[in-house]
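Asks: here is my input, please return the structure:
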Amino acid sequence: MRGRRNVRRAGVIALGAISLALVGCGSSQDEEALSVGLIPNQNPEEVQAQYQPLEEYLSGELDRPVELEVPTSYNAVVEAMTSGELDLAYFGGLTYAQARERADISPLVTEINPRTGDTKYRSAIIAPANGEVEEVEDIEGKDFAFGSASSTSGSLYPSIMLDEAGVDYRTDLGEYTYTGGHDATAQAVANERVAAGGLEYRILLDLVEQGTIDEDSYRVIQTILVEGYPWVVRDDLPENLREEVAQAYLDLEDPELLDLLRAQGYERVEPGDYDEVEEQARELDLLTPTE
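Replies: Take a look at the predicted model:
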């Protein structure tokens, strides 16, 4: 009897030791989920589907659950980041400048654009192919379509191009409208509902390649370079986690995933890379979200 009691006691001790070891080690399921937000620069459902493989990639690299969210407006992403509901967000330069006015956040990386080979991309003003607009100056007094009011390439930089041509978007246009997305702006121009519109040029080229927009339906009036979309984290996240997130992007080599993300790779960015965006937005009354 004494022998069997000793065996049972040894078994209980061993099970207890195993349980303590498991608690100490933890697992990816025990880690708090990383909440990631994306700006709806196109249809939110399409953006959600586009970035689903990224959710799986980050979850594997960070060994923790990742929850992807695509709110219905740019401002909703800014609000979620400033209220602490999001840990990581994919902003445009303007939404980052708006958010950093209200929260302690920092940019980590931006994508290398396959079309330009660097971190910059282009904003464009386009007009119907058979319309009257041939130069930006011709837009004065005519109807114009922006994307979202908080879009860097669909609102801020078209406003900058208009301003440099002597056309103040606040006072010198016929009527202007915010379509909510680059794809909607392209359709508004292609269908001649407006005299001109501003949008992200590479999205326009994607729409042409997809057959959504006829390349003979519009002409490009002017383009301008824009610093890339930054991936931004809250500063109160642990430093090692922020670095792990940055490294996950810098290590990304899967060609299919990079293609989905419209990236050739990633580079680190600094807050100062977006100072010009903030300065221009302040001058054009676009630093405060309005939608």
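Asks: for the rest of this, base every contact and every neighbour count on C-alpha atoms.
Replies: Will do.
Asks: what about the helices in the protein?
Replies: Shown for the chain, the helices assigned by DSSP state H span residues 2-25, 44-62, 74-82, 93-100, 157-164, 182-190, 201-209, 239-250, 255-260, 275-283.
Asks: mind putting the ones you listed into CSV with distance to I139 and mean pLDDT?
Replies: Formatted as CSV, those follow (distance: least, C-alpha to C-alpha, whole Å; pLDDT from 0 to 100):
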stretch, distance to I139, mean pLDDT
helix 2-25, 64, 43
helix 44-62, 30, 88
helix 74-82, 26, 86
helix 93-100, 24, 93
helix 157-164, 8, 98
helix 182-190, 13, 96
helix 201-209, 19, 94
helix 239-250, 41, 97
helix 255-260, 35, 92
helix 275-283, 21, 95
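Asks: so how far is D275 from V208?
Replies: With the distance defined as C-alpha to C-alpha, to the nearest Å, V208 ends up 33 Å from D275.
Asks: now D216
Replies: 37 Å.
Asks: do P158 as well
Replies: Counting by C-alpha to C-alpha, the gap from P158 to D275 is 18 Å.
Asks: cool, and N191?
Replies: 36 Å.
Asks: distance between stretch 74-90 and the chain's centre?
Replies: Per C-alpha atoms, centre = their mean, to the nearest Å, the displacement of stretch 74-90 from the mean C-alpha position of its chain is 11 Å.
Asks: may I see the buried residues of it?
Replies: Of the residues in stretch 74-90, 74-82, 86-90 count as buried by neighbour count, 16 or more other C-alpha atoms under 10 Å.
Asks: who touches that stretch?
Replies: Residues outside stretch 74-90 that contact it (C-alpha atoms under 8 Å, 6 or more residues apart in numbering) are 34-41, 70-71, 95-96, 98-99, 102-103, 148, 150-151, 229-234, 237, 289-291.
Asks: could you tell me which of the residues you listed belong to strands?
Replies: Members of those lying in strands (criterion: DSSP state E): L34, S35, V36, G37, L38, P230, W231, V232, V233, R234.
Asks: right, and the pair among those residues with maximum separation?
Replies: Using C-alpha to C-alpha, the ones in strands among the contacts of stretch 74-90 span at most 17.3 Å, a distance reached by L34 and P230.
Asks: more neighbours: which of the two?
Replies: Relative neighbour count places P230 above the other of L34 and P230, with 27 against 19, counting by other C-alpha atoms under 10 Å.
Asks: any idea how far apart the tips of stretch 73-91 sit?
Replies: One end of stretch 73-91 to the other measures 12 Å (C-alpha to C-alpha).
Asks: I misspoke; the intended subject was stretch 84-103.
Replies: End-to-end distance for stretch 84-103: 9 Å, by C-alpha to C-alpha.
Asks: how far is that stretch from where the chain is centred?
Replies: Chain-centre distance of stretch 84-103: 10 Å, with C-alpha atoms, centre = their mean.
Asks: sorry, back to before: pick the one among the buried residues of stretch 74-90 closest to Y266.
Replies: Ranked by distance to Y266 (C-alpha to C-alpha), those are led by Y90 at 13.2 Å.
Asks: what score does the closest one have for pLDDT?
Replies: pLDDT for Y90: 92.
Asks: likewise L173?
Replies: We have a pLDDT of 97 for L173.
Asks: re the thing from before, what about P158 and D275, which has more around it?
Replies: Legend: neighbour count by other C-alpha under 10 Å for P158 and D275, higher for P158 (29 against 13).
Asks: count the residues that sit near T171.
Replies: 10.
Asks: E267 now?
Replies: Neighbour count of E267, defined by other C-alpha under 10 Å: 16.
Asks: switch to numbering from 852
Replies: Fine by me, first position is 852 from now on; the one you just mentioned is E1118.
Asks: surely it touches P958?
Replies: No: judged on C-alpha atoms under 8 Å, E1118 makes no contact with P958 at a distance of 10.9 Å.
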